[in-house]
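S.K.: pasted the sequence and its predicted model underneath.
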Amino acid sequence: MATPPPNSVGSVDSAGDLSDVIARAKSGDRQALETVLASVAPAIHRFSMRMCRNVHDAEDVVQDTLLNIARHIGDFEGRSSLSSWVFAITRSACARKRRGLKNQPSVDDTHLVHTQDLAPSPEARASDQELASSLSTALNALVDDYREVILLRDVEGLSAPEAASVLGISVDALKSRLHRAREALRTALRPLLEPRIDRSGPTSCPDVVALWSKKLEGDLSPADCSSMEKHLASCASCGSACGALKSALFACQRIRTEQVPPAIQARVKAAMRAWTSRPL
């Protein structure tokens, strides 16, 4: 069974050091603060690029969000995860930027998906680029509610409770929205990821895409899971549908390899240096 991607906001967190770094940042340690900001900046950039869909607005969101975190790190009490806190701040900043900008063109961010292979073949490179372009178009076409739940859960790897906290909804509501969003993403990518399979006669196939999404969330009973696996083994059409969903979600995970572009890093560092050099 495929598992949801791990939490990616705090790379320091995976080493077990983040709580100490946050504590030092809250006490006024500027180097610790810079470490915290550096660890969350890539995720903030990815999320803002997708939600703002405008390069300049996304850059402003990155800078404003990092400054906001720096100003309010002392208010972070640890009752929620750092991921939830950071993305809630980022989401609010994106919402402010998006107001009145709905008709602006979407940003071309096909570079966000790329192969992990250090020496891909020309065919693999072309396939990756095609998937990147299609995924970019599909994500941009989703309604905001669907796009942000995909970004939080399947791109950035927040847990269901963390993502629900960011969105201010219950875990059950989060999962219901996530299942619908995944189906919408898979439908958008169907022309690329699902071959045409002819069916003869009536069928009574279960909604395997919804079942697979529930399986990823750990909400499918062993009996239902076994039944679904047997059906997938015997039904080419449903197997293709599930394969398309898995390919789409894997492509979403690979977006996470994107880092903050050097130009934006320089701009953010300049702003942070100006802010942290102020008198205490």
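M.R.: Received the coordinates, thanks. Residues are numbered from 1 along each chain as shown.

S.K.: okay, now the unreliable bits of this structure?
M.R.: Residue ranges of the chain with pLDDT under 70: 1-17, 100-128, 195-203, 279-280.

S.K.: so where do the helices sit in it?
M.R.: Per DSSP state H, the chain carries helices over the ranges 11-14, 18-26, 30-52, 55-72, 82-98, 122-141, 144-150, 160-167, 171-193, 208-216, 222-234, 236-255, 262-276.

S.K.: dump those helices to a markdown table, plus mean neighbour count.
M.R.: No exception for glycine: its C-beta is placed from N, CA and C like everyone else's. Converted to a markdown table, the helices of the chain look like this (neighbours: other C-beta atoms under 10 Å):
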| stretch | mean neighbour count |
| --- | --- |
| helix 11-14 | 16 |
| helix 18-26 | 17 |
| helix 30-52 | 22 |
| helix 55-72 | 19 |
| helix 82-98 | 21 |
| helix 122-141 | 16 |
| helix 144-150 | 20 |
| helix 160-167 | 22 |
| helix 171-193 | 19 |
| helix 208-216 | 20 |
| helix 222-234 | 13 |
| helix 236-255 | 20 |
| helix 262-276 | 14 |
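
S.K.: state the distance from residue 158 to residue 81.
M.R.: For residue 158, the distance to residue 81 equals 8 Å [C-beta to C-beta, to the nearest Å].

S.K.: of these two, which one has the most company?
M.R.: For residue 158 versus residue 81, the count of surrounding residues by other C-beta atoms under 10 Å is larger for residue 158: 28 against 20.

S.K.: ok, that one to residue 134 distance?
M.R.: From residue 158 across to residue 134, the span is 24 Å (C-beta to C-beta).

S.K.: one more: residue 212?
M.R.: 20 Å.

S.K.: equivalent analysis for residue 74, please.
M.R.: According to C-beta to C-beta, residue 74 stands 44 Å off from residue 134.

S.K.: likewise for residue 45?
M.R.: 22 Å.

S.K.: and residue 93, by the same measure?
M.R.: Taking C-beta to C-beta, one finds residue 93 at 28 Å from residue 134.

S.K.: again with residue 79
M.R.: Distance, residue 79 to residue 134, by C-beta to C-beta: 40 Å.

S.K.: swap in residue 56?
M.R.: Distance of residue 56 to residue 134, given as C-beta to C-beta: 25 Å.

S.K.: please apply the same query to residue 73.
M.R.: Look at residue 73 and residue 134: by C-beta to C-beta, they are 39 Å apart.

S.K.: residue 161 too?
M.R.: The spacing between residue 161 and residue 134, counted by C-beta to C-beta, is 31 Å.

S.K.: quick one: contacts for residue 260?
M.R.: For residue 260, the contact set (C-beta atoms under 8 Å, 6 or more residues apart in numbering) comprises 41, 42, 45, 62, 268.

S.K.: of those, which is the nearest to residue 35?
M.R.: residue 41 (10.9 Å; C-beta to C-beta).
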